[in-house]
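*Asks:* Take a look and give me a structure for this.
(one chain, ligands or ions: 1)
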Amino acid sequence: MTARGKWVFMQLDPVVTLLLNLGMGGEALFHRKGEPLPGNCQSAVLFEDGCAFSQHFWWFGYVHAVKTAELASHAMTASLGLDPLDDGEFTLDAFDKVLQEKKRSAIKTVLMDQKNIAGIGNVYIQDILFAAGLHPLRKTADVTEFERRVLHAAIRSQLQRALELGGLAYEKDLYDQPGRFKDFLVGYREGKPCPVCGTVVQKIRTGSTASFICPHCQT
Ligand SMILES: [Zn+2]
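*Replies:* Take a look at the predicted model:
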């Protein structure tokens, strides 16, 4: 099993790969032989030995069975950008190149576009931008070299930490266990003090998404 951005790739047999994307969230659970499938499951893979793998999508999602030899032409995954968890790929140079190409856009928009970097959603972007001292609407062209370095490190450390903790408390792993990531710096902390300066954290609208910011630390 491998992952790229929000997509999981499972080689089911020598010729078929199952591609799964939970969209805005959901459960993908493994079931041992004899265990019933959850009542809310919307799709499932039943294995010959009696085990199963079920999916439930909160809003939307994708389950695609693709011939492994044709994976490169699967449009939704072929266009994915840099993998921030791949140290060899997500280098500072590669990151700089992406920001250079998108310098007219707001930094949050650039980071969330899966064609640029695959895997940053609206949950984890909040503390990433806070760690770099960047307002979500900062024009990418105005992000300094120092800020780019801090931002690059923040993306890696934030995603790595979330991964190690198994995601958020309302998310579950393959074995139905909840995640342990809960200590946001500013994310979802509207009205509470900024952990650095004490200024009240604000929730603002940024395009089609909500952002949580410290108006003093993020400019
Ligand atoms: Zn602050």
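
*Asks:* now Ser54, which residues is it bridged with?
*Replies:* For Ser54, the beta-bridge assignment (DSSP bridges) gives partners Leu29, Ala44.

*Asks:* I figured it was touching Gly26, is that so?
*Replies:* No: using C-beta atoms under 8 Å, Ser54 makes no contact with Gly26, being 10.3 Å away. Backbone N, C-alpha and C define where each C-beta goes, glycine included.

*Asks:* And the pLDDT for Glu70?
*Replies:* Glu70 carries a pLDDT score of 95 in this model.

*Asks:* Please confirm that it is located within a strand.
*Replies:* No: according to DSSP: H, G, I helix; E, B strand; the rest coil, Glu70 belongs to no strand; its state is helix.

*Asks:* Could you measure from it over to Gly61?
*Replies:* Distance, Glu70 to Gly61, using C-beta to C-beta, to the nearest Å: 21 Å.

*Asks:* Show me which of the two is the more surrounded one.
*Replies:* Gly61 (19 against 10; other C-beta atoms under 10 Å).

*Asks:* and Thr206, what does it touch?
*Replies:* Thr206 sits next to 106, 108, 136-137 when contact means C-beta atoms under 8 Å, 6 or more residues apart in numbering.

*Asks:* Throw these into JSON lines and include neighbour count, thanks.
*Replies:* Formatted as JSON lines, those follow (neighbours: other C-beta atoms under 10 Å):
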{"residue": "Ala106", "neighbour count": "18"}
{"residue": "Lys108", "neighbour count": "24"}
{"residue": "Pro136", "neighbour count": "23"}
{"residue": "Leu137", "neighbour count": "15"}
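
*Asks:* And those, which is closest to the ion?
*Replies:* The closest of the contacts of Thr206 to the ion turns out to be Pro136 (C-beta to the ion; 14.6 Å).

*Asks:* Next, the contact list for that closest one, please.
*Replies:* Counted by C-beta under 8 Å, 6+ apart, Pro136 has contacts 106-108, 125, 129, 204, 206, 211, 213, 218.

*Asks:* Pull up the residues of this protein that are close to the ion.
*Replies:* When proximity is defined as C-beta under 5 Å from the ion, the chain approaches the ion at 194, 196-197, 199, 214, 216-217.

*Asks:* please redo it, this time with the cut-off set to 8 Å
*Replies:* Neighbours of the ion within the chain, by C-beta under 8 Å from the ion: 130, 186, 194-199, 214-218.

*Asks:* Give me the subset of the contacts of Thr206 that lies in strands.
*Replies:* Per DSSP state E, strands hold no members of the contacts of Thr206.

*Asks:* Domain parsing of this protein, as residue ranges.
*Replies:* 2-78, 92-213 (automatic domain parsing).

*Asks:* circling back to that earlier point, which two of the contacts of Pro136 lie the greatest distance from each other?
*Replies:* Across those, no pair lies farther apart than Ile107 and Ile204, at 14.3 Å, counting by C-beta to C-beta.
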